[in-house]
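In: What would the 3D arrangement of this be:
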Amino acid sequence: MSVHLRPAALADLPSLVALDQAEFGGLAYPLFVFRQFWDISAPLFWVAEIPGGALVGYVLGAVAPVDRSAWCLSLAVAQTHQGQGLGKKLMHTLLTACHSFLCPAMYLSVAPDNAPAIALYERLGFVTVGENALYFGEGNARLKMRLELGE
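Out: Alright, predicted model coming up:
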């Protein structure tokens, strides 16, 4: 099935909330958070859409104002579309978009038990630079990963 990547639109946000809830459960972003991310980071917010308009993935980034480092805040792909290279395509789209901001590096956090995501990030060149057992509170540890982008 064909998947089209495009910038996120305001009208996409309710569908993204549902996708996020399906993939991340209690750690999903609520609508107001997606709205604020869309307001401040639209150039780094991309969705994956299939024919008929259903959204099956998204990637969301931001740039830190202090050091210009990029962050991948979230990457989600619907279970029905995992394992088909969509996560990689979304990450490449985000990385390309970050080049226009002259970001020296990109960071992200990932659950230490999310082996498929860690493998994807490592294939893209990310390396683990730290671990925080309480990153999202008790029981929600995260690895911090970094990719050098150059300028």
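In: How much space separates the residue of the chain most remote from its centre from Val110?
Out: Residue farthest from the centre of the chain, counting by Cα atoms, centre = their mean, is Gly52 at 23.2 Å. Per Cβ to Cβ, to the nearest Å, Gly52 is found 31 Å from Val110. Quick note: C-beta positions are derived from backbone N, CA and C, even for glycine.
In: quick one, what contacts Trp71?
Out: Gly61, Ala62, Val63, Ala64, Met106, Tyr107, Leu108 (Cβ atoms under 8 Å, 6 or more residues apart in numbering).
In: brain fart, Ala8
Out: For Ala8, the contact set (Cβ under 8 Å, 6+ apart) comprises Leu16, Trp38, Ala42, Phe45, Trp46, Val47, Tyr58, Leu60.
In: Of those, which belong to strands?
Out: Residues from these lying in strands, with DSSP state E as the criterion: Phe45, Trp46, Val47, Tyr58, Leu60.
In: looking at this structure, which helix or strand is least sure?
Out: Ranked by mean pLDDT, DSSP states H and E, the weakest helix or strand in the chain is strand 127-132, scoring a mean of 90.
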